[in-house]
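> pasting the structure only:
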């Protein structure tokens with residue numbers, strides 16, 4: 001028998017999750033049956049979408065149930081196996097949850113090559129955030145060389161990759177981030193053409209300065225006032241890619257809709273939402289391209305790794321909503 005600590009949803013939060021949201025339990029896992037694997041979790045992905053999974057509302061995934069282990073995508077090591085496709089010692093990616101150990105039947109579990117990139121990178125640039133950036137920009141945004149791309153939450157896991165892919169494809173790239181340090185990272189290390197500090201600058205005015213001809217693609221991760229500022233600066237035929245709205249994830253009430261939506265009419269623009277799982281059958285294509293870009297230096301991957309136990313999950317998750325992380329946030333067990 002294997003004992004494991006797990007983080008379970010104790011109650012649905014109102015606003016920012018707190019200590020009362022979570023319950024850390026110790027469970028004893030059963031013996032493996034035929035066709036199963038036992039994995040030891042090494043890295044847990046922390047993503048803004050997790051906050052939405054805590055709400056009892058209809059969405060692209062069912063909410064995490066009260067009393068259930070918190071859903072998460074993990075990198076883990078196979079420590080026992082009765083499954084023909086997985087051997088002890090394999091490193092795998094799967095939705096095992098916030099737990100030290102887990103049993104899986106192997107469905108939707110993928111082997112990963114840590115010789116290509118370390119585990120945290122497989123949760124970031126080569127994981128769901130990277131896939132989101134790749135398909136959101138190229139398939140939904142339909143990027144063309146020479147266009148002007150603006151991305152919000154640009155110092156985050158998705159936004160930082162969006163900007164780098166856009167640069168690789170010949171676009172002018174402007175990132176919106178919070179604080180001078182993050183903005184310097186975008187321009188000096190990642191090669192963005194400009195950065196807007198939403199904490200210290202008037203975003204609407206600054207976008208008009210750095211994108212005087214307008215925005216061709218706005219990749220939105222935050223919603224709210226920043227979305228409105230981007231809508232006010234669209235170019236004819238612009239595409240707005242709706243990826244997330246982190247500015248409102250902890251609000252008790254629904255935020256007001258965008259006030260400048262008529263810009264879509266005036267500039268014959270479009271605003272399209274997407275979920276990266278819609279492109280699951282093409283992840284291999286994206287991983288191959290992104291791996292090549294990482295190898296040749298076109299892409300730089302940055303992971304913010306917090307070391308600790310599963311009991312630190314709640315406080316680490318909240319770093320996403322206070323802007324405390326740069327790049328992909330990962331909890332290393």
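Perfect, I can see it now. Keep in mind that what you see is a predicted model, and the values were worked out from it rather than measured. Residues are numbered from 1 along each chain as shown.

> what count of nearby residues applies to the closest residue in space to residue 169 that isn't next to it in sequence?
Distance criterion CB to CB, 6 or more residues apart in numbering; nearest residue to residue 169, sequence neighbours excluded, is residue 143 at 5.5 Å. The C-beta positions use only the backbone N, C-alpha and C, and glycine is treated the same way. For residue 143, the neighbour count with other CB atoms under 10 Å is 23.

> over to residue 138?
So residue 138, with other CB under 10 Å, has 16 neighbours.

> can you map out the strands along the stretch 1-150 of the chain?
2-9, 22-29, 37-45, 74-81, 91-94, 101-104, 110-111, 148-152 (DSSP state E, counting those that start in this stretch).

> want to throw those strands into TSV with distance to residue 289 and mean neighbour count?
Converted to TSV, the strands of the stretch 1-150 of the chain look like this (distance: least, CB to CB, whole Å; neighbours: other CB atoms under 10 Å):
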stretch	distance to residue 289	mean neighbour count
strand 2-9	34	18
strand 22-29	37	14
strand 37-45	21	23
strand 74-81	21	21
strand 91-94	18	20
strand 101-104	28	20
strand 110-111	17	12
strand 148-152	18	30
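
> could I get those strands as TSV with mean pLDDT and distance to residue 231?
Formatted as TSV, the strands of the stretch 1-150 of the chain follow (pLDDT from 0 to 100; distance: least, CB to CB, whole Å):
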stretch	mean pLDDT	distance to residue 231
strand 2-9	98	35
strand 22-29	97	37
strand 37-45	98	31
strand 74-81	98	37
strand 91-94	98	36
strand 101-104	98	43
strand 110-111	96	38
strand 148-152	98	11
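
> can I get those in a markdown table including distance to residue 216?
Formatted as a markdown table, the strands of the stretch 1-150 of the chain follow (distance: least, CB to CB, whole Å):
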| stretch | distance to residue 216 |
| --- | --- |
| strand 2-9 | 41 |
| strand 22-29 | 42 |
| strand 37-45 | 31 |
| strand 74-81 | 36 |
| strand 91-94 | 34 |
| strand 101-104 | 43 |
| strand 110-111 | 34 |
| strand 148-152 | 5 |
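
> so which of these gets nearest residue 288?
strand 110-111 (13.8 Å; CB to CB).

> adjacent strands (with direction) for the closest one?
Its sheet considered, strand 110-111 pairs with strand 91-94 (antiparallel) by DSSP bridges.

> just how off-centre is the partner strand within its chain?
The chain centre lies 17 Å from the centre of strand 91-94; the measure is CA atoms, centre = their mean, to the nearest Å.

> before we move on, what about stretch 249-266?
22 Å.

> by how many degrees do the helix or strand hosting residue 330 and strand 74-81 diverge?
Taking DSSP states H and E as the definition, one finds residue 330 inside strand 328-332. With axes from the mean of the first three to the mean of the last three CA atoms, to 10 degrees as the basis, strand 328-332 and strand 74-81 are set at 40 degrees to each other.
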